[in-house]
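K.L.:
no FASTA, just this:
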Ligand SMILES: Nc1ncnc2c1ncn2[C@@H]1O[C@H](COP(=O)(O)OP(=O)(O)OP(=O)(O)O)[C@@H](O)[C@H]1O
Ligand SMILES: [Mg+2]
């Protein structure tokens, strides 16, 4: 079953693009993965491909869908199991396009529906700006995953962020997969305190795994490589790998919850906290 995840935070520089890339690389070892670069800055596209403009990108696909309702989607193959729909700076123009303002949600619904069955995971690198493009994407994904940095304003910021995201109009409630701390220094008392406080206030929304701050991430970025290709055995590559495993565990337990809900399995059927499915 395919799962679509938007990587989003309204704060810039928290690692949305790095998270998209590293989750995608990690999962593409075993699953078929598509990344969609939704940010007009197109940093993700630049990080994995050498051409800055591709004839078929998110803008050209959206424009075609808007004009004739037909998708024409030809993702770039980054590796056998990893594909990309590139970003384009012209995506910024859609924010003021009146047709797109009215039909953005439908356009992205059509886009994701057309490709969903070809992939196990579709990961969207969202821009910081909370405009019509982001809202249209958030309304159509299965879940939202939030990278955050452990700064003084984190808790207040999370509440504001969750309120913000809840403005997206959607028929079924938005599913926040979780929040994780990037650029984390585990020996810094302040970072430990922020994580503890976040866990206290937001409970299971906070993932266990953090990703440490490491110059290797920027070095890999600057040399247009993933952290796995650049330095596979580094501690930060291992953090991203463990993060990708924790996210998969969450997704698995979410789908188990759904199976349980759908089949109306009652609490008495649980033994030692383990669901007993017949
Ligand atoms: N764990 C990390 N350790 C060190 N540097 C990091 C780490 N994660 C990300 N960075 C660096 O921080 C910068 C911002 O990261 P990134 O571009 O992923 O954030 P973003 O949220 O996508 O930013 P934007 O809001 O501009 O889209 C980049 O230079 C990246 O290489
Ligand atoms: Mg980015």
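P.N.:
Cool, got the structure. Keep in mind that what you see is a predicted model, and the values were worked out from it rather than measured. Numbers count the residues shown, from 1 in each chain. Ligands and ions are numbered 1, 2, ... in the order given.

K.L.:
ligand 1 contacts on the stretch 1-150 of the chain?
P.N.:
Residues of the stretch 1-150 of the chain lying near ligand 1 by C-beta under 6 Å from any ligand atom: 12-18, 39, 43, 128. For the C-beta atoms, the positions are set from N, CA and C on the backbone; glycine is no exception.

K.L.:
which residues of the stretch 151-278 of the chain score low on pLDDT?
P.N.:
Along the stretch 151-278 of the chain, the parts satisfying pLDDT under 70 run over 152-153, 224-226, 228, 230, 255-278.

K.L.:
if you set the cut-off to 80 instead, what comes out?
P.N.:
152-156, 169-172, 221-232, 254-278 (pLDDT under 80).

K.L.:
about what we covered before: mind giving me the ChimeraX select for the residues of the stretch 1-150 of the chain next to ligand 1, buried ones only?
P.N.:
To isolate the buried ones among these in ChimeraX, judged by 16 or more other C-beta atoms under 10 Å, type:
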select :14,15,16,17,18,39,43,128
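
K.L.:
pick the one among the residues of the stretch 1-150 of the chain next to ligand 1 closest to ligand 2.
P.N.:
residue 17 (3.3 Å; C-beta to the ion).

K.L.:
hmm, who's touching the helix or strand in which that closest one is found?
P.N.:
Secondary structure assignment for residue 17, by DSSP states H and E: helix 16-27. Outside of helix 16-27, the residues within contact range by C-beta atoms under 8 Å, 6 or more residues apart in numbering are 5, 7-9, 33, 35, 39, 43-44, 47-48, 82, 120-121, 123-126, 128, 145, 147, 180, 182, 211, 217, 221, 226-228, 240-241, 243-244, 247-248.

K.L.:
so which residues of the stretch 51-200 of the chain form helices?
P.N.:
58-68, 91-94, 98-116, 132-138, 154-165, 189-202 (DSSP state H, counting those that start in this stretch).

K.L.:
winner for burial among those?
P.N.:
helix 132-138 (a mean of 22; mean count of other C-beta atoms under 10 Å).

K.L.:
does it reach ligand 2?
P.N.:
No: using C-beta under 5 Å from the ion, helix 132-138 stays clear of ligand 2, with a minimum separation of 12.2 Å.
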